[in-house]
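J.: Requesting a structural model of the entry that follows:
(one chain, ligands or ions: 2)
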Amino acid sequence: MWNSLKEFKVQSFPRSGISLRETKFKAGSKTENIKPKTLAEIRYDSKDRISTGFSEFDNVLGGGLVRGSVVLVAGDPGVGKSTLLLQLALNLASISFQKILYISGEESAEQIKLRASRIYKNYNDIKNILILSSTDTDLVLATIEKIKPNLVIVDSIQTMESEGLAGLSGSIGQVRYGTSCFIKTAKTLNIPIFIVGHVTKEGMVAGPMVLSHMVDSVLFLEGEKITNTRILRSLKNRFGPVDEVGVFTMEEEGIKEANSPEQLFLTKNLPKNLTGSIISVTMEGSRAFLVEIQGLVVSSKIPIPRRVSSGIDYKRLELLLAVLQKHCNLPLSGMDVFINVAGGLRLSDPAADLGICLAIFSSFKNISLSNIVAISEVGLLGELRPVQFVEKRVKEAQKLGFKKIISHSNTYKTLNEVIRALSR
Ligand code: TYD
Ligand code: MG
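T.: Ligands and ions are numbered 1, 2, ... in the order given. Now for the predicted structure:
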């Protein structure tokens, strides 16, 4: 109720009632068996990494799975987390001797079998994947201890519940407790564990974000429901770069690695003379992707014209429209403007600015620019600004046969100069 307090119970982890002094004393007696090591004594071999069978997935992990690591795979419900991880299990099971334990708290064993039958024809021949349908954290931990698998998948952490702890499954206490137990298990058995986490609508309160500081890596699986492209992105990685992406497509028979992902977001065989379309190059981690930006400008019938953007920030569109109007004398104030990034990609890369401006210009002036690649940030003064990795972006565009590339590094200094040159 407004302006009133609400009581809630603070949850605590189960602990036997020993005092701090006793704990210190106990710890002191344990030190005899413990010997801190020098760096030289610690064994680490980069070849120890396990390939997931998906090179896109391995890249995101920084070169494969690390033993003893805990990887959180987060994403919206229905995006394909269970499919991706079951497929990873099938990949690993069919190429080596792994004993894999797939714990499902959401689906029955039959449902998982049904999914497996879509993905892999000879699923009955796979003997080394064991499925356990359970939501009991302690029972699951005991099972892992007993059968000692080489890999564990927990789908999902929000369904796991320990009886000894207050709170229902999905509450912060349960989710944290489950995760910390799985982390301990991964380290003691030296096996990788995948944890699935749903992104909850309420600002991810009991979702992946409360766990991100605990686990070794956080991967996000993203994708619009309407397109079949799925992007796996690393948000945190103790064993590799962050912001690295892997590109997949969701097909009838499971998830596949995308062929030539750098051109996945381009529309193929577009007629040459269409107006309102231009190509830009966006960076996702260390990879460059070509994207088609579409603009549509029509005269408005309403006092406050519409500005609709899909795939770019609405405020960015407004800002760029103001720059076009002020510095390039484009009278856009009475026009409805629509912007769309083809293929469902979301662009936050400032290098797309010039592409957005030119897509609008192309539609407004009916000039076709669909064979041009535009790479530059646009400032409030209408100036073109340098962006990161420009050589890499240009190279990628040239590789795909684009000859006319406009970027900060060549002749043009302002947006107005570009527009004047293209109007001729
Ligand atoms: P799922 O892996 O269950 O999602 P999550 O675990 O993230 O909730 O995937 C669900 C969607 O994927 C569902 O809409 C059906 C679709 N799908 C396919 O298109 N092809 C397939 O082979 C499979 C198994 C699922
Ligand atoms: Mg699932």
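J.: The top helix by length along the chain - contacts with which helices or strands?
T.: Counting by DSSP state H, the longest helix found in the chain is helix 172-189. Applying 3 or more CB pairs under 8 Å, 6 or more residues apart in numbering; DSSP states H and E, we find helix 172-189 packed against strand 70-75, helix 137-147, strand 151-155, strand 193-198. (Glycine included, C-beta is placed from N, CA and C.)
J.: pull the CA atoms of that helix into CSV?
T.: Extracted in CSV, the C-alpha atoms of helix 172-189 (Å, rounded to 0.1, in the frame of the first residue of the first chain):
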residue,chain,number,x,y,z
ILE,A,172,16.8,-14.9,-4.7
GLY,A,173,17.8,-17.1,-1.8
GLN,A,174,17.0,-20.3,-3.6
VAL,A,175,18.6,-19.2,-6.9
ARG,A,176,21.8,-18.1,-5.1
TYR,A,177,22.0,-21.1,-2.9
GLY,A,178,21.6,-23.5,-5.9
THR,A,179,24.2,-21.6,-7.9
SER,A,180,26.8,-21.5,-5.1
CYS,A,181,26.4,-25.3,-4.6
PHE,A,182,26.8,-26.0,-8.3
ILE,A,183,29.9,-23.7,-8.4
LYS,A,184,31.4,-25.7,-5.5
THR,A,185,30.6,-29.0,-7.2
ALA,A,186,32.1,-27.8,-10.5
LYS,A,187,35.4,-26.9,-8.7
THR,A,188,35.6,-30.0,-6.6
LEU,A,189,34.9,-32.4,-9.5
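J.: quick one: contacts for residue 263?
T.: 290, 400 (CB atoms under 8 Å, 6 or more residues apart in numbering).
J.: Let me see the mean pLDDT of stretch 340-350.
T.: Averaged across stretch 340-350, pLDDT comes to 87.
J.: Also stretch 403-413?
T.: 86.
J.: Quote the end-to-end distance of that stretch.
T.: 20 Å (CA to CA, to the nearest Å).
J.: returning to that earlier point: contact partners of the longest helix of the chain?
T.: 11, 13, 68-70, 137, 141, 144-145, 148, 152, 154, 157-158, 160-162, 165-168, 191-193, 195, 205-206, 210-211, 214-215.
J.: Kindly report the same for stretch 296-312.
T.: By CB under 8 Å, 6+ apart, the residues outside stretch 296-312 that reach it are 276, 293, 314, 316-318, 321, 332-341, 344-347, 352, 356, 360, 363-364.
J.: Can you name the residues that contact the closest residue in space to residue 370 that isn't next to it in sequence?
T.: Nearest residue to residue 370, sequence neighbours excluded (CB to CB, 6 or more residues apart in numbering): residue 277, at 4.5 Å. Residue 277 sits next to 267, 270, 292-295, 359, 362, 368-370 when contact means CB under 8 Å, 6+ apart.
J.: same thing but 7 Å
T.: Shown in contact with residue 277 (CB atoms under 7 Å, 6 or more residues apart in numbering): 270, 292, 294, 359, 362, 370.
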